[in-house]
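For reference, the sequence and a predicted model appear below.
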Amino acid sequence: MLVLSNVKARFKPEYASGPFHASVVQYDAQGAPAHVYAVSLQTSTDSVELPLKPAAGGWGFVTVSGDFAQSDLYVTLSDGRDYTATHGRGEFVEEYPPLTRLLLAAARGAASLVGRTVPVFTRNQYVFVGPESRSHVLLMNLSNVTNSIRVVLGADGRVAGSRLLRLPPMGSHLLDVATLVDVATLVDVASLAGRPSDSAALRLRLEGNAWFNLYLVGAGPLDLAGPLSLMHVK
Amino acid sequence: MSSSLSALLSGTFYEPGYDHRVEIIHQRDAGAHRRLESLDVALYDKDGALLATPAVDPGLEILDLGALVRSATDTRERVMVVLDARYDEAIFPYRPHHYAYFHRAGSTAAPLYYAVNATLGGVPDRVGATNINNFETYVFRQGPFAETYSLLLGCLARFVPVQAQVFAYYGSKRVARDVTLAPKCHAEIPLPAEDGGERLARVEVKALFRLLSYVVGRRAGTGDLVLFDHLFTYAK
């Protein structure tokens, strides 16, 4: 469920009065526009809840464009009893010109032969896994080129696992961090240290040949079958 | 210490029973060149009493709040954790953005990731806050959820109490509440989910001085945190 508001417009003279119109485009996991929604707010203090429809792949992302300030956007997840939420702000979608797309495709293809990518953009992110919790990373390719994203997971100062993901333009991927590392061993280490309920901190390094961003997805003991949380990373 | 260093004053709340970790810095390169120059941590109870100032290595990657609080105090109450970091802005052009994670042992709720609230308060001359940043808002979903809502507010001022107004909106009705917090005090301000048959739609906080502030949702029955998010700040 998205919750859209435009409270910030009260502080911007050019946006001071409604109505405000926005277009919400929902992309599926392969980057195809799956659904388009039209949203209107009569005043800056209105808010609207927009339920998202299922889309191919089971995950994806939306873009919001229109009269709205780049603020007051919330993404929520609910099991019907409670809901969790995160907020978002302005983001970039990179539109590379034809020549750049060709060069990136050639370089990406060459690098992928040895399991690497062209590290034009790099992000570092800590994630946590434990006996009662899991973390997933929703990777979003915010560009019009295929994006090879190499994920390297470090634990205790060493490389614990890596993976090369290939995301189509505007595509996304939900990465289960536990598939990159032996969680049982990590949990055993915490238990031996006298902290059986504690999670292990892991360091992710993500490299992509085009612009991308991520959300962190927290899962409890039931993993994706149970309640989930989200946090966007600036 | 060099006076040319930048400062980030931020804070969060630790509640017993939670595995609660805070990144000391967010983006760390492979060579570990990105580190804080210094980090002072202070723990306060709800009445503003200083519980401890545990030493923390600024080169640490992850701060284990549970271990820190347990080793430094014997309290079983909520603790306000204040992080006063100094850093070189040539290394962190924006700021060393702390993100955090927590999960309560035995809880079936999802763990929560969140961004630690940067108050920028207390040392406005050093952080260069030229505009007021003490008006914040947050929007709620309208469904009949079982969770309860509140605000966690903390006062990072050194010398004077901070007066704040909390406005909760239910349909066209506005419910106002005045809150005064003495230096280093903190409080949880309940936000009833309904008023006159209308659901809580939005909350605003207006203060004379920037407060440490989080919107909180708790599971009915267990009190497990299911929502922990900083409010939107506009005038900054």
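Here it is on my side, so go on.

can we go C-alpha only for contacts and neighbour counts from here?
OK.

so after the helix or strand bottoming out on mean pLDDT in chain B, what's the next helix or strand?
Within chain B, no helix or strand scores below helix B:124-127, which has a mean of 47 by mean pLDDT, DSSP states H and E. Using DSSP states H and E, the helix or strand that follows helix B:124-127 in sequence is strand B:135-139.

after that next one comes which helix or strand?
Immediately after strand B:135-139, counting by DSSP H and E, sits strand B:148-154.

how many neighbours does the closest residue to chain B within chain A have?
Relative to chain B, the nearest point of chain A is residue A:220 (4.3 Å; Cα to the nearest Cα). Neighbour count of residue A:220, defined by other Cα atoms under 10 Å in any protein chain shown: 27.

The one 5 residues further on too?
Burial measure for residue A:225: 10 neighbouring residues, criterion other Cα under 10 Å.

what separates it from residue B:110, distance-wise?
Distance, residue A:225 to residue B:110, by Cα to Cα, to the nearest Å: 11 Å.

Check residue B:77 too.
From residue B:77 across to residue B:110, the span is 23 Å (Cα to Cα).

of these two, who's got more company?
Using other Cα under 10 Å, the more surrounded residue of residue B:77 and residue B:110 is residue B:110, with 31 against 11.

Quick check: phi and psi at residue 216.
Because you didn't say which chain, this covers chain A. The phi/psi pair for residue A:216 (degrees, to the nearest 10) reads phi -100, psi 130.

so who does residue 20 touch?
Since no chain was named, I'll use chain A. By Cα atoms under 8 Å, 6 or more residues apart in numbering or on different chains, the residues touching residue A:20 are A:40, A:41, A:42, A:43, A:44, A:66, A:67, A:68.

let's do chain B instead
Taking Cα under 8 Å, 6+ apart, we find residue B:20 in contact with B:14, B:64, B:65, B:66, B:100, B:101, B:102, B:103.

partners of the second one in the sheet?
Beta-bridge pairing of residue B:64, defined through DSSP bridges, involves residue B:21.

how many neighbours does it have?
Using other Cα under 10 Å: residue B:64 sits among 18 other residues.

Next, the buried residues of stretch A:43-52.
Under the neighbour-count criterion of 16 or more other Cα atoms under 10 Å in any protein chain shown, stretch A:43-52 has A:43, A:44, A:45, A:46, A:47, A:49 buried.

Pick out the residue of chain B closest to chain A.
Using Cα to the nearest Cα, the single residue of chain B nearest to chain A is residue B:110, 4.3 Å away.

I figured that residue hits residue A:219, correct?
Yes - counting by Cα atoms under 8 Å, residue B:110 touches residue A:219, with 4.7 Å between them.

Now the common contact residues for the two.
Common neighbours of residue B:110 and residue A:219 (criterion: Cα under 8 Å, 6+ apart): A:133, A:226, A:227, A:228, A:229.
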